[in-house]
Structure formats: structure tokens, C-alpha cells
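Turn this into a structure:
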Amino acid sequence: MDRNHINRSGPGFSRREFLKGSGAAVVVGAAATSAVEAPLEAQQPATKIISAGPHTITLNVNGENKQVTVEPRVLLIDALRNDLNLTGCKDVCDRSTCGACTVLIDGKPVYACTRFAIEVVGQKIDTAESLYSPEKTDDVVTAFCKHDAIQCGFCTPGFVMTVRGFCDQNPGASEEACRRALGGNICRCGTYDGVLKAAYDTAQIVR
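Numbering: from 1, shown residues only. Sure thing, here's the model as predicted:
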């Protein structure tokens, strides 16, 4: 028997009619969604896609522009140490916790192991090497020597850069404020007392 000729009592829809109606509703809904999303997509900035191959970039390090050729995955610490021979920042913990690789980026203390080299193009990078020249030794270095805040030396470059950045931004800081600022740096030799005194002295000199 032809099912299309079966008499139905009362209102209702066959499965074929239901599917036809559902298909039309999906088409209309998709068209409406596309109409709304199109203006939103037009407002979105185009995503900058960088190839995985080596790129030649310019880094401003210690007041000089330096060109390096690196892959996008290369960390700032590796570009500084391996490409520019600036070995002041130390790769100690490999977990972004000890602070031995601290540098200043636009005056702010930052772990160099937490930034890709291509991320800091156009920013001002200062490493521990910037604190000494034949003409002048930075006050923070003098303070570290005065208070014997050095033992093995692996953590020292990170500490002096943290102190330099903090004191520049907080002249005249209290001892307690200096203590909190040094919380991101670890000294396995335990020279914390000397480091804290050096940080406090430097903050007063800046004031």
C-alpha cells in the first residue's frame, strides 16, 4: 500500500514533510548567522603569521642595535648568550623560577627565559653587562661589593638587574619594599642579607 495515500485523522506531518521543513530552517538560520558574523570578522585585525624558518631581527641591547638571525622559537636568553655573547644572564633553573636570567625590558625586570627573541623587537633591553664600563661602574655593583653580596656568582647578574630596575622605579624604597622586590630571585649560597643591604643602599642613592 502506498503510504502517501494513507488517510490521517487530524492535523500532522509526515516524516518527509518534517525533513523538508527542517532543511529549510537550517538554511535560513545559517544565512542569518553568516550575515551577523560577516561584519564582526571584518572588524577583526588580520592575524600575523610568522613562518617557522629563521628570521633576521634587530634587538636594541644595552643601547645598541644588534641584528640576529633566529627561529621564532628561540628564547631571548639564548639569543643573548649564543648569538650576542652576552653571558651575564644565566640559564640556571630552566623552569622560570630562579631569576638568574633577569634582564631589564623597557626598565622592568623580566626573566629572559620567558620571552621569545622576536617578542622584544622594538623594546629596550639591558643586561648585566650594561652596569660596567671602563669609565663607570654602576652604583648597584659597588653596593654588592661593599656588602659582600656575592658567592658563586651565578645568581648575581639576575639580582643586580632586579635591584637596578626596582630602585629606578622606587627611589628611596624601604628595606621591606626591597625585600619584597627580591622575592623573584633565588640565591642558593644564601647571601640574602648582603643582597638586601645592597638593594637598600642603592635605593637611597637613587633618592
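
Give the helix, strand or coil label for Thr145.
Residue 145: Cys, not Thr. In terms of secondary structure, Cys145 is helix; the call rests on DSSP: H, G, I helix; E, B strand; the rest coil.

What's the local residue count around it?
Residues contacting Cys145 under the criterion other CB atoms under 10 Å number 13. C-beta: built from backbone N, CA, C; applies to glycine.

If I look at the most centrally placed residue in the chain, what pLDDT would I see?
Centroid-nearest residue in the chain, with CA atoms, centre = their mean: Arg115, separated by 4.4 Å. Per-residue pLDDT puts Arg115 at 97.

Tell me who's in contact with it.
Contact analysis of Arg115 by CB atoms under 8 Å, 6 or more residues apart in numbering lists 75-76, 105.

For the residues you listed, pick the one with the most neighbours.
Leu76 (27 neighbours).

Contacts only, for it.
103, 112-113, 115-117, 119-120, 125.

So which of those is the closest to Thr69?
Ala117 (10.2 Å; CB to CB).

so how many other residues sit close to the closest one?
Look at Ala117: counted by other CB under 10 Å, it has 24 neighbours.

Could you check how far the closest residue to it other than its chain neighbours is from Asn60?
Once flanking residues are discounted, Ala117 sits nearest to Ala79: 4.0 Å by CB to CB, 6 or more residues apart in numbering. To Asn60, Ala79 is 13 Å away according to CB to CB, to the nearest Å.

Strands along the protein, start to end?
55-61, 64-70, 102-105, 108-111, 124-126 (DSSP state E).

picking that back up, can I get the contacts of Arg115 in JSON lines including pLDDT?
Putting the contacts of Arg115 into JSON lines (pLDDT from 0 to 100) gives the following:
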{"residue": "Leu75", "pLDDT": "97"}
{"residue": "Leu76", "pLDDT": "98"}
{"residue": "Ile105", "pLDDT": "98"}
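
Look at Ser51 and report its pLDDT.
Reported pLDDT for Ser51: 74.

typed the wrong thing, it's Arg95
89.

Report how many residues lie close to it.
Neighbours around Arg95, by other CB under 10 Å: 7.

ok, now Ile125?
Ile125, neighbours per other CB under 10 Å, totals 25.

For the closest residue to it other than its chain neighbours, give me its contacts.
Leaving aside its sequence neighbours, Ile125 sits nearest to Val61 (CB to CB, 6+ apart; 4.8 Å). Going by CB under 8 Å, 6+ apart, Val61 touches 80, 84, 86, 125-127.
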